[in-house]
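Visitor: the sequence and its predicted three-dimensional model are supplied below.
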Amino acid sequence: MLICPERAAILTQLMDLALIGEESLDNTTCLLIQARHKMTGESLIMWVGKHDYLLRKLRRLHEGKKITEETHSKVITDHPICSDIFTFSPQEKRSPAASSRVN
């Protein structure tokens, strides 16, 4: 599962990452990665596909009390997406000089 931008920020704020094992999830071998969020201190475990590096499962322990878990199953990669669902519209390219000018 590719991570949406609003959730991706959490991955940039992790510390104390450790590979704690491997586990099969939905017939996919996953790496189990444990981490801690540097701002909140909450503990996370991520199941990441060993061969495609897609996030398959995420478990978060909030303030030592509440557990939130999300699982992505039946993940399909390299499959066409209908243009009614997704259309790629890249932004106009700007030259590096134009984007770094200071007014």
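Guide: Happy to help now that I have it.

Visitor: how much space separates Thr87 from Ile81?
Guide: According to C-beta to C-beta, to the nearest Å, Thr87 stands 9 Å off from Ile81. (Glycine included, C-beta is placed from N, CA and C.)

Visitor: and the closest residue to Glu69 other than its chain neighbours, how far is that from Asp52?
Guide: Excluding its sequence neighbours, the residue lying closest to Glu69 (C-beta to C-beta, 6 or more residues apart in numbering) is Arg59, at 4.6 Å. Using C-beta to C-beta, Arg59 is found at 20 Å from Asp52.

Visitor: just Pro80 next, same as before
Guide: 18 Å.

Visitor: between these two, which is the more surrounded one?
Guide: Asp52 (11 against 6; other C-beta atoms under 10 Å).

Visitor: Ala35 versus the closest residue to the more buried one other than its chain neighbours, what's the distance?
Guide: Once flanking residues are discounted, Asp52 sits nearest to Thr77: 6.1 Å by C-beta to C-beta, 6+ apart. For Thr77, the distance to Ala35 equals 24 Å [C-beta to C-beta].
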